[in-house]
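Participant: Sequence and predicted structure, then a few things I'm wondering about:
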Amino acid sequence: MSVHESNSLGGSQPSVVSLNVVFAEIPDVGGAIGRTAIDKRAVSESLAVTTDGIQGDFRSDIKHHGSPDQAVYAYSHEDYEWWSVQLQMPLAPGVFGENLTTIGIDWTTAVVGSVLTIGTSQLQVSAPRIPCGTFARWMDQDHWVKRFTDSGRCGSYLRVLEPGQIAPGQDIEFLDIPQHGVTILDLFRVYNGDREQHRLLRVAQCEDASESFRTKAQVALK
């Protein structure tokens, strides 16, 4: 079984449970720009995906969410189930603002730089989602940023290597997994202040990690 596959599923084929795009831009009182595109809802049709993201989707805060490394955000159905128990409420696909709700993949253990295909597109595991004030206001849960951070269930951003089409229900196939072993959770922990030396060294030397994460690790090692 791939390290990306959820043990609870007995090795079942990873796939897209839900494809989600912006339903409407909504006010974000207290936010830097006063509006947000976090309200994403499921669609049934196939959509194009490019280096800018998924057709019909957009980001209000380009400064913090406009990088090609953040073109697509994926979150797992399994982590939603965990959060539903913690929050004692049902959570619909897209409520965390993700474009892809998936099953059969633990994104925290996904190796940074891994290449995967969905439909006719090719994507690459790039970075963890860092929770922000907009996310906290949207969720309206006490201490949400801390709770999300402490959980480690951050999901993963994906960059688009080859544009194509993505549809709900399609399989997810991993084509290449780098040997360095640095995971999305490693980047997430380093960003949030983890000072475990072996982890810092691995992230600092990981060419597949973006410069911001490598720099954080390098500074922490000094």
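Facilitator: Looks like it arrived, so ask away.

Participant: give me the beta-bridge partners of the residue nearest the centre of the chain?
Facilitator: Closest to where the C-alpha atoms of the chain average out (C-alpha atoms, centre = their mean) is residue 156, at 2.3 Å. Counting by DSSP bridges, residue 156 forms beta bridges with residue 74, residue 128.

Participant: same thing with residue 27?
Facilitator: Applying DSSP bridges, one finds that residue 27 bridges with residue 35.

Participant: If you tally nearby residues, what's the number for the nearest residue to residue 77 once chain neighbours are set aside?
Facilitator: Closest residue in space to residue 77, ignoring its immediate chain neighbours: residue 103 at 4.4 Å, by C-beta to C-beta, 6 or more residues apart in numbering. C-beta coordinates here come from the backbone N, C-alpha and C atoms, glycine included. By the criterion of other C-beta atoms under 10 Å, residue 103 has 20 neighbours.

Participant: quick one: low-confidence ranges for this protein?
Facilitator: Filtered on pLDDT under 70, the chain yields the residue ranges 1-11, 60-66.

Participant: The same query, at a cut-off of 80, please.
Facilitator: Regions of the chain meeting the criterion pLDDT under 80 cover residues 1-12, 26-33, 58-66.

Participant: Okay, helices next: where are they in it?
Facilitator: For the chain, the helices defined by DSSP state H occupy 62-65, 77-87, 133-139, 144-151, 184-191, 197-204, 211-221.

Participant: Quickly compare those and say which is most buried.
Facilitator: Mean neighbours per residue, mean count of other C-beta atoms under 10 Å, is largest over the helices of the chain for helix 184-191, with a mean of 24.

Participant: What is the burial count for residue 94?
Facilitator: 23.

Participant: what's next to stretch 74-86, contact-wise?
Facilitator: 6, 8-9, 17, 90-91, 93, 96, 98-103, 105-107, 129, 147, 151, 153, 155-158 (C-beta atoms under 8 Å, 6 or more residues apart in numbering).

Participant: how close does the spatially closest residue to residue 107 that is not a sequence neighbour sit to residue 13?
Facilitator: Computed as C-beta to C-beta, 6+ apart, the closest residue to residue 107 that is not its neighbour in sequence is residue 156, at 4.1 Å. In this view, residue 156 and residue 13 are 18 Å apart by C-beta to C-beta, to the nearest Å.

Participant: One more: residue 165?
Facilitator: Distance, residue 165 to residue 13, using C-beta to C-beta: 19 Å.

Participant: What's the end-to-end length of stretch 30-39?
Facilitator: From its first residue to its last, stretch 30-39 covers 17 Å (C-alpha to C-alpha, to the nearest Å).
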